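Chemist: predicted model and sequence below, questions to follow.
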Amino acid sequence: MSLKDQLIADRLPSHVAIIMDGNGRWAKKRGNSRVFGHKHGVTAVRDVTEASAELGIKYLTLYAFSTENWSRPKTEVDALMSLLVSTISSETKTLMKNNVRLNAIGCRENLPSGVQKRLEECILKTSGNDGLTLTLALSYSSRWEIIEAVKKVAVQVKDGELELGEINDELFSSLMATESMPDPELMIRTSGEHRISNFLLWQLAYSELYFSDVLWPDFRKEDYYEAILNYQGRERRFGKTGDQIKK
Ligand code: FPP
């Protein structure tokens with residue numbers, strides 16, 4: 001039986017988050033520049049997006065560019081930004097065909113105006129789609145997001161619009177960039193690195209973490225199905241005991 005056929009349809013995660021890592025090493029192994037790796041990473045983005053849409057997963061969040069990535073060499077940053085512009089432009093048609101809604105989280109003002117423009121156009125064009133929501137984390141870091149949420153809470157308290165007692169999990173979640181999305185049940189990181197790297201720290205509190213040795217440009221649907229199958233074999237306890245969960 002194929003990996004896809006082994007998936008249990010009613011136990012699919014509703015939200016998968018992915019740290020796409022290993023583009024640089026993939027390129028280096030082939031004697032090429034890091035940018036070559038990023039370009040090939042787009043194929044993997046296409047594959048997991050298509051697989052998520054086919055499976056009926058509702059949310060896919062991809063860590064495409066972190067706040068910290070701004071300190072990479074300028075040539076790499078510029079190439080990544082151009083790649084984003086060209087990919088968003090060329091993929092809009094496919095997103096429409098697959099009923100995918102594009103979304104972005106992160107400090108958008110820091111992105112070059114060309115990226116902001118293409119992003120906004122694609123977000124608007126796909127806004128009526130109700131299949132998969134594909135969120136790109138761009139110029140994103142979780143600590144930035146948490147600090148932004150804290151500032152919003154502080155202003156509301158200062159203005160007398162919010163009591164201290166009203167600050168809870170639910171309120172804080174609604175102030176995150178992910179707003180009304182459910183927390184990811186599954187977080188995948190490729191390339192054999194075992195870190196969270198400032199990604200969705202609040203939202204990953206109870207997520208199942210899956211680490212794949214595959215470098216991102218080589219990550220294909222089969223690798224994705226393998227990650228989901230592994231997730232489906234886990235017992236999610238949310239702090240309870242195994243016996244309590246089985247009841
Ligand atoms: C991490 O690999 C990858 C990135 C920082 C960029 C990810 C971008 C893409 C996959 C291409 C464009 C994406 C979209 C959504 C169109 P790394 O460079 O840190 O690899 P290394 O750890 O091997 O050096």
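Modeler: Received the coordinates, thanks. Numbers count the residues shown, from 1 in each chain.

Chemist: by contact count, what packs against the biggest helix by length in the chain?
Modeler: In the chain, with assignment by DSSP state H, the single longest helix is helix 74-97. Applying 3 or more C-beta pairs under 8 Å, 6 or more residues apart in numbering; DSSP states H and E, one finds that helix 74-97 contacts helix 34-55, strand 59-66, strand 101-105, helix 113-125. Just so you know, the C-beta spots here come from the backbone N, C-alpha and C atoms, and that holds for glycine as well.

Chemist: show me what the longest one is packed against.
Modeler: Of the remaining helices and strands, those touching helix 34-55 by 3+ C-beta pairs under 8 Å, 6+ apart are helix 23-29, strand 59-66, helix 74-97, helix 221-232.

Chemist: how far out from the middle of the chain is stretch 105-116?
Modeler: Offset of stretch 105-116 from its chain centre (C-alpha atoms, centre = their mean, to the nearest Å): 17 Å.

Chemist: list the contacts of that stretch.
Modeler: Contacts to stretch 105-116, defined as C-beta atoms under 8 Å, 6 or more residues apart in numbering, come from residues 61, 65, 67, 70, 81, 84-85, 88, 119, 135-141, 144-145, 177-178.

Chemist: go again with 7 Å.
Modeler: Defining contact as C-beta atoms under 7 Å, 6 or more residues apart in numbering, one finds that stretch 105-116 is touched by M81, L84, V85, T135, A137, L138, S139, Y140, W144, A177, T178.

Chemist: ok, so of the residues you listed, who is nearest the ligand?
Modeler: L84 (5.5 Å; C-beta to the nearest ligand atom).

Chemist: gap between the closest one and E109?
Modeler: 15 Å (C-beta to C-beta, to the nearest Å).

Chemist: okay, the two: which has more neighbours?
Modeler: L84 (22 against 8; other C-beta atoms under 10 Å).

Chemist: ok, the nearest residue to that one once chain neighbours are set aside - how many residues close by?
Modeler: Distances taken as C-beta to C-beta, 6 or more residues apart in numbering place V115 nearest to L84, at 5.3 Å, with adjacent residues excluded. Burial measure for V115: 22 neighbouring residues, criterion other C-beta under 10 Å.

Chemist: what does R34 give?
Modeler: Number of residues near R34 (other C-beta under 10 Å) recorded here: 19.

Chemist: and the one 4 residues further on, by the same measure?
Modeler: Applying other C-beta under 10 Å, we find 23 other residues in the vicinity of H38.

Chemist: excluding sequence neighbours, find me the nearest residue to it.
Modeler: The shortest distance from H38 to any residue other than its chain neighbours is 4.9 Å, reached at N23 (C-beta to C-beta, 6+ apart).

Chemist: the one you found touches K39, doesn't it?
Modeler: No - using C-beta atoms under 7 Å, N23 makes no contact with K39, being 8.6 Å away.

Chemist: so these two - more neighbours on which side?
Modeler: N23 (24 against 19).

Chemist: so which bits of this protein are right by the ligand?
Modeler: By C-beta under 6 Å from any ligand atom, the residues of the chain that approach the ligand are 20-25, 34, 38, 41-42, 45, 62, 64, 69, 83-84, 87, 136, 191, 216.

Chemist: and with 8 Å instead?
Modeler: Residues of the chain lying close to the ligand by C-beta under 8 Å from any ligand atom are 19-28, 34, 37-39, 41-42, 44-45, 62-66, 69, 72, 76, 80, 83-84, 87-88, 91, 136, 191, 193, 215-217.

Chemist: return a PyMOL selection command for the buried portion of the residues you listed.
Modeler: Listed next is the PyMOL selection for buried residues among the residues of the chain next to the ligand, using 16 or more other C-beta atoms under 10 Å:
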select buried, resi 19+20+21+22+23+24+25+26+27+34+37+38+39+41+42+44+45+62+63+64+65+66+69+72+80+83+84+87+88+91+136+191+215+216+217
